[in-house]
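Enquirer: Curious how this folds, go ahead:
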Amino acid sequence: MSLKMNQSLSVTVDNVLFTIRDDSLHVLLVKRAKEPFAGQWALPGGILDTDKDADGERAASRILEEKTGLRINYLEQLRTYAGDFDPRGYTVSIAHFALTSDFALSPKVASVEEAQWVPVKLLSDLKLAFIHRDIIEDALNRLREKAKYSLIPLYCLPKQFTIVGFTKVMSVILGKTIQRKTVQRRLEQVEAIVPVKGEVATGTRGPQSQLYTLTKPINEINFERNLN
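Expert: Residues are numbered from 1 along each chain as shown. Below is the predicted model:
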């Protein structure tokens, strides 16, 4: 639909924040306290404020901080949506997807009644505001594609991690069983993983309890071939 000359235009920023909890991929949703769609679940988002935000990415970071209080490990612009999906007027939504290993929520704004981690597999049971279901689906597809050739799933883990833990994260995100040896071989290919001397994961024993860390930033590591 084209925008008419006398039609108002609103630019918003909407964020899809993923994490891994209880061996399941979760997305953060907030329950709207105000109309439109009061009482419905939605993505944490807000109006682009040109007085505060130099660009969409800074707006996304600010809004996530205000509405969740979480530490965000990774943030990437997803795509831009436009249309009449907001009853208040024609809207342009700049969507981002983000990853975190932080779970403790502490919303700081009145527009949020409640914030909750929701398993992605249960989203079909919820009624979501605006076009947020479509945005989540696009973000999930982006995450899964990037997981095949990069290490960004590590942003869902602490800086020190086990090979077993990372393998579980990969399996959860891709929705299929990934073998530990496969993950270990890929990590060895990039020559950026080192064991943390004298450190093992709590509550585990044997070689699989060894903690590792990276020697270069996660977002600088890509593989030549996708993980099958």
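Enquirer: Count the residues that sit near Lys197.
Expert: For Lys197, the neighbour count with other Cβ atoms under 10 Å is 7. Yep, even glycine has a C-beta here, placed from its N, CA and C like the rest.
Enquirer: Mind listing the strands the lowest-mean-pLDDT helix or strand in the chain pairs with, and their directions?
Expert: Within the chain, no helix or strand scores below strand 112-119, which has a mean of 84 by mean pLDDT, DSSP states H and E. Strand pairing for strand 112-119, determined by DSSP bridges: strand 24-32 (antiparallel).
Enquirer: Determine the set of other helices and strands touching the helix or strand just after the partner strand.
Expert: Toward the C-terminal end, the helix or strand that comes next after strand 24-32 (DSSP states H and E) is strand 41-42. Helices and strands touching strand 41-42, as assessed by 3 or more Cβ pairs under 8 Å, 6 or more residues apart in numbering; DSSP states H and E, comprise strand 24-32.
Enquirer: for the strand it packs on, which positions count as buried?
Expert: For strand 24-32, the buried set under the neighbour-count rule, 16 or more other Cβ atoms under 10 Å, comprises 25-32.
Enquirer: where does this structure dip in pLDDT?
Expert: The model of the chain has pLDDT under 70 over residues 1-8, 106-113, 203-207.
Enquirer: Break it down into its structural domains.
Expert: Using automatic domain parsing, the domain ranges for the chain come out as 9-146, 151-220.
Enquirer: Turn the ones you listed into JSON lines, columns for distance to Asn226.
Expert: As requested, these are exported to JSON lines (distance: least, Cβ to Cβ, whole Å):
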{"stretch": "domain 9-146", "distance to Asn226": "8"}
{"stretch": "domain 151-220", "distance to Asn226": "11"}
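Enquirer: For Leu227, which of those is the nearest?
Expert: Judged by Cβ to Cβ, the one of the domains of the chain that comes nearest to Leu227 is domain 151-220, at 7.0 Å.
Enquirer: What's the end-to-end length of that closest one?
Expert: Using Cα to Cα, to the nearest Å, the end-to-end distance of domain 151-220 comes out at 9 Å.
Enquirer: next one: stretch 15-28
Expert: 9 Å.
Enquirer: Arg144 and Val200, how far apart?
Expert: The spacing between Arg144 and Val200, counted by Cβ to Cβ, to the nearest Å, is 31 Å.
Enquirer: ugh, wrong one, Arg21
Expert: From Arg21 to Val200 the distance is 23 Å (Cβ to Cβ).
Enquirer: neighbour count winner among those two?
Expert: The residue with more neighbours, out of Arg21 and Val200, is Val200; 16 against 12, by other Cβ under 10 Å.
Enquirer: The more buried one: what's it in contact with?
Expert: Applying Cβ atoms under 8 Å, 6 or more residues apart in numbering, we find Val200 in contact with 209-211.
Enquirer: Now do the phi/psi pair for it.
Expert: Backbone torsions of Val200, given as degrees, to the nearest 10, read phi -130, psi 160.
Enquirer: what bridges to it?
Expert: Residues in a beta bridge with Val200, per DSSP bridges, are Gln210.
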